[in-house]
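Visitor: The sequence and its predicted three-dimensional model are supplied below.
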Amino acid sequence: MFEVSGLSKRGGYRNILSGVSLTLDRGECLLLLGPNGAGKTSLLRVLAGISRPDGGRLRMNGGAWDRAQIGFTSHRPCVYEGLTAQENLAFFGRLYGVRDWARRADELLTDLSLSLFRHEPVRNFSRGMQQRLDLARVLLPDPSHLLLDEPYTGLDQAGCAVLDTLLGERLRQGGGIVVSTHDLSRLPSRGRVLFLRRGRKVAELSDRDLREAEIRSFYAANASGGEGK
Amino acid sequence: MARGVLSILWKEIRLEYHTRGSIPSMLLFLGLLLLLFGFVLPAGATTETLPGILWISILFSGILGLGRSFRREIPWALLLAPVPRSAVFWGKFAANLLFLLVVEAVTLPLFLAFFNLPGPADWLETVAALLLGTIGMVAAGTLVSALTAEVAGGDFLLPLLLFPLLAPDLVGGIQATLAGFRGDAVGFWLWAKILLAYDVVFLTVPGFLLEFILEG
């Protein structure tokens, strides 16, 4: 579904990303692991089209990179606190040209247990509720690829379970998901783990290697000194 | 493009409706300026001095609104959308222009009443001068607002960068408005052409620059 090769990004005098290559197939989940400053968020931002890479090649479905097919959430919810939940989804639905945005917004608000709060200003929402609304924003245009940066941060147990269910559905429907996290209990049952350190890919583990204990020991051995230079 | 511009404009109007952030603060600031000018100006301000006072007041209060424009934005929320990047500029520009024109529509009669002055000799020319000058001011202001929003000390940088950039627009606006007050058609057209040229430049350039300004 997408293929990235030799991606590099500089920030000042630092190499934030150095020659990172990865692929993501249909229905596959790629987990990004690495210590703080390893380049996980920077990689997601470049893939989302927010940040311009200094080098490398990005191809989607064998053609040019299409940012309309990307849904991205950051650890900071991307919703307007001055608008209501419904207005936020109305704005993003219109901006993305989603034809039946009102019906989709209703469904998503119900799925994410926010339908009672649809006319509340988002500034009154808790962090977890904002996170859920952010997820609704991302899923509204139905992108084929999801890039999720620390999506479980701020969510309660019920929220985490809803997120797991929604992501599971996306994978079954053939969508691709890249998740950056420090929570090793969220290892996908099927997929791959990409380990970043100082802006470089240091390991890529396939699903047959995805045993939490082994990942933990690998993480401990490679986690020191995240920043690139 | 049109979809992106209209969506952003709709969002800005809803945000303004809920937060009442820009228009009331600009109006309040203009009211305070009006009072201050009333104190410091010698008795009997004339139509010769009014355009200058009016434009300085619009500039100062406009900075308030323009400063908020990108500071309350989540830039990458707009960058992710499958619309041209220039739509972000046009949407923001349209909203800022609308808000400042609302403020001006309230301010002009207030100024005339406060200084006890008759209306302009040519209303059409005066309104055209205000419109052309405001378009240039908002276009340049929206660009500089985008440039300084994510920078440390952006509040300080915005007027510092914007005031010199606005000098031709401000001079043109004052002179064209003065010509409108006098009913001097020749003078109006001379300055209107300068304002028009300024508007064309600052409505064209940001469309190309915004790609680099908003992306990291």
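Guide: Perfect, thanks for sending it.
Visitor: what kind of secondary structure is whichever residue of chain A sits closest to chain B in?
Guide: As assessed by Cβ to the nearest Cβ, chain B sits closest to A:A68 within chain A, at 3.6 Å. For glycine as for every other residue, the C-beta is placed from the backbone atoms N, C-alpha and C. Recorded secondary structure, A:A68: helix (DSSP: H, G, I helix; E, B strand; the rest coil).
Visitor: need the next SSE after whichever helix in chain A runs longest, C-terminal direction.
Guide: In chain A, with assignment by DSSP state H, the single longest helix is helix A:157-172. As assigned by DSSP states H and E, the chain's next helix or strand after helix A:157-172 is strand A:176-180.
Visitor: Return the residues of chain B in contact with chain A.
Guide: B:3-4, B:6-8, B:10-11, B:14-15, B:18-19, B:21, B:72, B:74, B:76-83, B:215-216 (Cβ under 8 Å from any Cβ of the partner chain).
Visitor: Got a ChimeraX select line for the buried ones in these?
Guide: Command for ChimeraX that selects the buried part of the residues of chain B next to chain A, burial taken from 16 or more other Cβ atoms under 10 Å in any protein chain shown:
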select /B:4,6,7,8,10,11,14,15,18,19,21,72,74,76,77,78,79,80,81,82,83
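Visitor: which residues of chain A fall in strands?
Guide: A:2-11, A:14-24, A:29-33, A:55-60, A:70-73, A:145-149, A:176-180, A:192-197, A:200-205 (DSSP state E).
Visitor: tell me the centre residue of chain B?
Guide: For chain B, the residue nearest the mean C-alpha position is B:V138 (3.9 Å; Cα atoms, centre = their mean).
Visitor: Start and end of stretch B:176-187, how far apart?
Guide: End-to-end distance for stretch B:176-187, by Cα to Cα, to the nearest Å: 7 Å.
Visitor: how far out from the middle of the chain is that stretch?
Guide: 21 Å (Cα atoms, centre = their mean, to the nearest Å).
Visitor: Tell me who's in contact with B:I56.
Guide: B:L33 (Cβ atoms under 8 Å, 6 or more residues apart in numbering or on different chains).
Visitor: Wasn't it part of a helix?
Guide: Yes. Counting by three-state DSSP, B:I56 is part of a helix.
Visitor: How about the residue nearest the centre of chain A, nearest residue that isn't a chain neighbour?
Guide: The centroid of chain A falls nearest to A:L148 when counting by Cα atoms, centre = their mean (1.3 Å). Closest residue to A:L148 apart from its sequence neighbours, by Cβ to Cβ, 6 or more residues apart in numbering or on different chains: A:V179 at 4.8 Å.
Visitor: Share the number of residues neighbouring B:V106, please.
Guide: Using other Cβ atoms under 10 Å in any protein chain shown, B:V106 is surrounded by 15 other residues.
Visitor: List the buried residues of the longest helix of chain A.
Guide: For helix A:157-172, burial by neighbour count (16+ other Cβ under 10 Å) applies to A:G159, A:C160, A:V162, A:L163, A:L166, A:L167, A:R170, A:L171.
Visitor: now, which of these sits nearest B:L203?
Guide: B:L203 lies nearest to A:R170 out of the buried residues of helix A:157-172, by Cβ to Cβ, at 41.6 Å.
Visitor: Tell me how far that closest one lies from A:I177.
Guide: According to Cβ to Cβ, to the nearest Å, A:R170 and A:I177 sit 6 Å apart.
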